[in-house]
Each structure stands twice: as structure tokens, then as C-alpha cells.
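J.: The sequence and its predicted three-dimensional model are supplied below.
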2 protein chains.
Amino acid sequence: MTHTLVASQSKEVIIGFDQPFCVIGERINPTGRKKLAAEMIEGNFETVEKDALEQVRAGATILDINAGVTAVNPNETEPPLMVRTLEIVQGLTDTPLSIDSSVSSAIKAGLEVANGRPLVNSVTGELEKLEAILPLIKKYNVPVVAISNDETGISEDPDVRFAVAKKIVEHAADYGIKPNDIVVDPLVMPIGAMGTAGQQVFRLVRRLRDELGVNTTCGLSNISFGLPHRHGINAAFIPMVIASGMTSAIMNPCRPAEMEAVHGANVLNGTDGNCANWIKTYRDHTPAAAGGPAAAGGEASAARSDGRRGGRSARRGAAA
Amino acid sequence: MTHTLVASQSKEVIIGFDQPFCVIGERINPTGRKKLAAEMIEGNFETVEKDALEQVRAGATILDINAGVTAVNPNETEPPLMVRTLEIVQGLTDTPLSIDSSVSSAIKAGLEVANGRPLVNSVTGELEKLEAILPLIKKYNVPVVAISNDETGISEDPDVRFAVAKKIVEHAADYGIKPNDIVVDPLVMPIGAMGTAGQQVFRLVRRLRDELGVNTTCGLSNISFGLPHRHGINAAFIPMVIASGMTSAIMNPCRPAEMEAVHGANVLNGTDGNCANWIKTYRDHTPAAAGGPAAAGGEASAARSDGRRGGRSARRGAAA
């Protein structure tokens, strides 16, 4: 069984097929957040702290930390800012962290100060990237997100993306890095622009699991880019990728619709033992805008044994 | 490609892997609805008419019609009531119908008056049932729901349930009925009572599709029986069974959470061309209780072409 261990100083989480879906909180990222970028440049980490605590409260398994405040001189600005941000967040919470940067020196600087066993986000199939990042992964004995694009860009052909992922896994093996320390991002295209984007990723995730034995992740909200009511698309996508074998996603845990989909899919995927987390979370749930009364569904107890055998009569009896 | 044709006098719908998920509206069913049962016995069909129109408006693909008002003398009471209910509903809407009864004479009576090509719900693997129902299916050239239990009851072993489904398909072949006219219900157990119920059904649906080439259905709400906030579990279950290959469900289309999951899964499964139905349905959606502002997700247009290539930068840019 593929287990990817990610840890803070005092807390371990495992990404795996038999584990609850791993929610990597995406909020601490100044890309596209001008106000946050300006604050971080000024040395003001109030929003970072708030985002860290809110995401932990909302149920994030891991917090992604990105300090890419500017495209100007990132090799100079990003490493010290990554260090400072990591130190602040790991001083605030024991939730394990992900060091997210496209700047190799920022990843290296982050690895030097991060406690425990952080996830590195990311390496690609580009040779220069592989040669810069994989030695760090080996040296610090940490897991890494592998994005399935290379020098030729991002292929629209899922077979090519699979081949790139395979190439990264093989390169990593040359460094002595095992597949269970590689979390492949098969790349999710916006469904509004490419109607086969969903089916592509479902097939890819299944192949990555069955043929390479690796855990997988994605930038979740990309799927709904440009569509109205994106949270509805995201909330349908989560159970579908989980059913296909995806084990983590980089997403916003502060969105109730998406987190409800994660919790529900965990129940159905058999990774929420006795539905304990579901019952704890939704015991007192009152529907905001349901199509009718809550009926029998409102009862805050585990299933009654008389519902056990399903089938015709139970099916009717259980109809809400 | 497996296509199950269901039709009213003037409208055809197809159940299939390449089709939008088929929502079989479950509301017109007096089982467990004492008031409705009493009304129907009295010859009052106001609720039936209201339920028919509401379900059609809510997006039902097919309407299930059940007239099982009593367990006393169903052979006498159910056939004429089935006929009357069918006549009323098919006079009101052109949505195709499903004749739902455990009483063979009620199914026969229904088939004599139903327009078009109704679905029959259901036959089981019990020999007596097979011999009563399959000749009707052949004679009237209609599709049938096949429930995977037999004389031995409902097995908790999914392999046994698969074997029962296979047996029904083979029996049907002896009558000259093709697999594409059989819609297998693999039987969904309540996840609160059996933690593997979800994984069982996902595997079963995939096998039924890959090995028998049949469409599938289920009594959807059974999965959440006994749990709090059942609609959340149902709404996560729908995308997961669709990702596993299920093509229809007997469910309540008047529940917004469940229907949103159906619409979202259709988009992601590639059966809502250009996301047209999603955009039409949710163009003006305003979130009731989101975790923050709607941000870029609120735009009511198809994805912009600059979001096409996904990947690192798009992933960040697209984060809501």
C-alpha cells in the first residue's frame, strides 16, 4: 500500500488510498492576491496567520506555503520570505506544511528551516528542474509533488502526461527516491474549455494508481475555471476524482460545499470509520435551502439495523 | 454502446454511458406515504398530479409510477389503480414512465395502457418472478429493471449479487431479450450500517458495465439511511457512482443538492455538451451560504480561452 508520510514537528499525516482524502490548504499564496503580496513584502503576516488558523479550523490536512510575492528577482526575495513564512506558520500550528515554490533556492531555504517532513511542491519533468529538485528531495528525505509537464509544455494528450509522470518517477528512482514519496499532479484542465477534461483526469488518476502505484493531487478549482457556480462543479468533481483513486488536492478548505463533498466521499470510500467524522460534523446540520422537510434524514444516529439489508422494501422505506 | 430506449407517446429518452444521467423520479409511490395512499384509494389524484408536474419541472428524465397502496389483496387493488395512475400521469406530461410494482398482474395491466415504451420496475433473480415478468417484457418489447437478489435473499457478498445479475441477463437472453433492455440494480446498502457499501457498489457497477454491458440503476437514498444530513451523503454518492459507470437512479429530483450533483457530474462526465445545461441552470446562481465571495467563479460565460492550458500558472490564476 502506497503511503506518503508528511509531518510537522509533532504531527504525522499519511496520504494513501486507504486514508481520508488529504486536503492541502491553498490559501497562503500571494499569487493573484495583491493585498497579501504587499503585506508579506512589508513584513506583515497578519493575513498569513489568519489564513493558517482558518484553514486548520476548516479541516485542512496540510497547509501549502507559497511566498512568490513578485516575479522580479524571485531568487533574491523568495528564499528569505519562504523561511519567514514557514517559521511563522509552524510556530502557530502543528499541521504539516507544503513548501510551494517554482524557485529552487526558495525550496532549499525552506527545507533548511521546516520542521518534521514537509511536502515539496513541486518538480516537473523538465530536466533542469529534475536536476535541481530531486537531489534536495533525496538529501532532506521528503516527499514531492510531481507535475506532469516538461520542456514541451503541457500536453493535451493524457497518454503523454502519463509518460511524463512515469519519467519523473524513473528519474527519482535513479536518485534513490521511492514512488511512495512522489505525489503526481496529472494536471486538470478547465472543463469549460475542454469537455473531456474530467474523463481524462479520471482515467489518468486510475492509471497512475494502478500502473505507477503513486499518490496523486491536483489544483482542484482549475476544473471549474470560467463557469458559473464553480463551487457546484468543484463539489461534484471531488467525489469523482476520489472514486477514481485520487488521494489529495490543493484546494480551499474554507469552502463548505467542497469540504462537504470531501467528507461525504470519505464516508463512501470507506475512510471515515463508522461515519464518525461525518456524524460529528453534520449531526446538527440544518439545511439552508432544501427542497422539502429533512424527514428521517435528520436523525443524528448511526443507521438503524433494520435498514441493513437494503433492497426493495428498505429502498422504499429509506426514501427521503 | 449500450442504449436503453424508454419512451412516452411523443418523447424518447436513452439510458447509456454516453448520455446524461437518467433521473427516475421516485415521488409517485404510496409506500410509506399514508396520506398519498389514502388519497389514491379514494380516487383523489391531486397529489399524484402535483408530484408529476413538480418532478418534471425539477428535471426528472422518467417518472416512476407505483400504486402499491396496500398489502391487503394487492392482486385485486393494484392493477386497476396502476392503470388509472398511469392514465392520469401520461395525460399530464410527455415524460416517459416506469411501471413500478411487485405485483405481476399490476405490471401487465400497466403495460396494456401505457403509451410508448415504458420501463418496467422490476424483476428479480427469483425463478417465479423471472417466469412471470420476462414473458411480459418480451411480449411488450420494453426494458426492465433487474434487481440482483433471488430466493436466497440479498447477499452481502457483491460477487454473489453480480452472479445473480448475470443469471437474470442469461435468463432474459433465453426469452430473446437483449442486455441493453436490462437495467441492473446492484442493490445499495446503507453506508452507516456497512462501511464497505460504497466501495462494493462502485466495483459492482464497473463490473456490470465492463463484463455484462448493461445499464445500471439504484434506489439512491438507501445509501444514506440513518445518517444525519442525508442529502450531503447522497450528493457525494451521485458523482461517485456516475464516475463508476452508473447510468440512472431512482431518486427525488425535487432535492436541489442531489440534482446539482447530477448536473455537475454530467458536466464532468462529458455528457453536458459545452456545459450548456449547467450554464443555463446556474448562470444566475447566488450562493446561499458560501465561505466567501463568489469571485471570478460568478461569471456567466464559458471558460475563457486563456484558461485552457491548466498547469501551474493557470492553477494559481484559477484559484477561487
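T.: Here it is on my side, so go on. Small disclaimer: the values here were computed from a predicted structure and weren't measured.

J.: so what's the residue nearest the centre of chain A bridging to?
T.: By C-alpha atoms, centre = their mean, chain A has its centre lying nearest to A:A249, at 2.2 Å. Note on A:A249: beta-bridge partners by DSSP bridges are A:V23.

J.: pLDDT at it, what is it?
T.: Looking at A:A249, its pLDDT stands at 98.

J.: Quick one: residues contacting it.
T.: A:F21, A:C22, A:V23, A:I24, A:T217, A:C218, A:G219, A:L220, A:I238, A:V241 (C-beta atoms under 8 Å, 6 or more residues apart in numbering or on different chains). (C-beta placed from N, C-alpha, C; glycine too.)

J.: hmm, try it at 10 Å
T.: Applying C-beta atoms under 10 Å, 6 or more residues apart in numbering or on different chains, we find A:A249 in contact with A:21-24, A:26, A:185, A:188, A:216-221, A:234, A:237-238, A:241-242, A:258, A:262.

J.: now the closest residue to A:S101 other than its chain neighbours: how far from A:V142?
T.: Distances taken as C-beta to C-beta, 6 or more residues apart in numbering or on different chains put A:I107 closest to A:S101, at 5.2 Å, once the chain neighbours are dropped. Relative to A:V142, A:I107 is positioned 10 Å away (C-beta to C-beta, to the nearest Å).

J.: The two: which has the busier surroundings?
T.: Set side by side, A:I107 and A:V142 show more neighbours around A:I107, with 28 against 22, by other C-beta atoms under 10 Å in any protein chain shown.

J.: So which bits of the host helix or strand of that one are buried?
T.: A:I107 is located in helix A:104-113, with elements delineated by DSSP states H and E. Within helix A:104-113, the residues scored as buried using 16 or more other C-beta atoms under 10 Å in any protein chain shown are A:S104, A:A106, A:I107, A:K108, A:A109, A:G110, A:L111.

J.: give me every residue that touches the residue nearest to the fourth one when sequence neighbours are not counted.
T.: Of all residues beyond its chain neighbours, the one nearest A:K108 is A:L136 (5.7 Å), with distances taken as C-beta to C-beta, 6+ apart. By C-beta under 10 Å, 6+ apart, A:L136 lies in contact with A:I99, A:S104, A:I107, A:K108, A:G110, A:L111, A:E112, A:V120, A:V123, A:V142, A:V144, A:Y175.

J.: same check, this time on A:M259
T.: Applying C-beta under 10 Å, 6+ apart, the residues near A:M259 are A:V23, A:A58, A:G59, A:A60, A:A235, A:I238, A:M251, A:N252, A:P253, A:T281, B:G291.

J.: Could you tell me the per-residue confidence at it?
T.: So, for A:M259, pLDDT stands at 98.

J.: That one should be in a helix, yeah?
T.: Yes. Per DSSP: H, G, I helix; E, B strand; the rest coil, A:M259 lies within a helix segment.

J.: Distance of it relative to A:M251?
T.: Distance, A:M259 to A:M251, using C-beta to C-beta: 9 Å.

J.: Straight-line length of stretch A:11-22, end to end?
T.: Start and end residues of stretch A:11-22 are separated by 14 Å (C-alpha to C-alpha, to the nearest Å).

J.: what about the helices in chain A?
T.: Using DSSP state H, the helices found in chain A span residues A:34-42, A:46-58, A:74-90, A:104-113, A:127-140, A:158-174, A:197-207, A:230-244, A:256-268, A:276-282, A:311-318.

J.: for those helices, which one sits closest to B:Q9?
T.: helix A:311-318 (28.3 Å; C-beta to C-beta).

J.: Need the mean per-residue confidence for that closest one.
T.: On average, helix A:311-318 scores 39.

J.: What of stretch A:33-42?
T.: Stretch A:33-42 comes out at a mean pLDDT of 96.

J.: In PDB, could you pull the C-alpha coordinates for it?
T.: C-alpha atoms of stretch A:33-42 as PDB (Å, rounded to 0.1, in the frame of the first residue of the first chain):
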ATOM      1  CA  ARG A  33      -3.600  38.200  -4.200                       C
ATOM      2  CA  LYS A  34      -2.100  41.700  -4.500                       C
ATOM      3  CA  LYS A  35      -3.000  42.700  -1.000                       C
ATOM      4  CA  LEU A  36      -1.400  39.700   0.600                       C
ATOM      5  CA  ALA A  37       1.700  40.100  -1.600                       C
ATOM      6  CA  ALA A  38       2.000  43.700  -0.500                       C
ATOM      7  CA  GLU A  39       1.600  42.700   3.200                       C
ATOM      8  CA  MET A  40       4.200  40.000   3.000                       C
ATOM      9  CA  ILE A  41       6.700  42.300   1.300                       C
ATOM     10  CA  GLU A  42       6.200  44.800   4.200                       C
END
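
J.: Could you check how far that stretch is from the centre of its chain?
T.: 24 Å (C-alpha atoms, centre = their mean, to the nearest Å).

J.: Is chain B within reach of that stretch?
T.: Yes. Using C-beta under 10 Å from any C-beta of the partner chain, stretch A:33-42 comes into contact with chain B via A:R33.

J.: list the buried ones in that stretch?
T.: Under 16+ other C-beta under 10 Å, the buried positions of stretch A:33-42 are A:R33, A:L36, A:A37, A:E39, A:M40.

J.: and the residue of the stretch 51-200 of chain A found nearest chain B, how many neighbours?
T.: Across the stretch 51-200 of chain A, no residue is closer to chain B than A:G192, which sits at 2.9 Å (C-beta to the nearest C-beta). Residues within reach of A:G192, counting by other C-beta under 10 Å, total 26.

J.: who's in contact with the nearest residue to A:C22 once chain neighbours are set aside?
T.: Residue nearest to A:C22 in three dimensions, not counting chain neighbours: A:S248, with 3.6 Å by C-beta to C-beta, 6+ apart. Contact analysis of A:S248 by C-beta under 10 Å, 6+ apart lists A:4, A:6, A:13, A:15-16, A:19, A:21-24, A:61-62, A:98, A:119, A:145, A:183, A:185, A:215-218, A:220, A:241-242.

J.: rerun at 8 Å
T.: A:I15, A:F21, A:C22, A:V23, A:I24, A:T61, A:I62, A:V183, A:N215, A:T216, A:T217.

J.: Strands - which of these land there?
T.: Judged by DSSP state E, strands contain the following of the contacts of A:S248: A:I15, A:C22, A:V23, A:I24, A:I62, A:V183, A:N215, A:T216.
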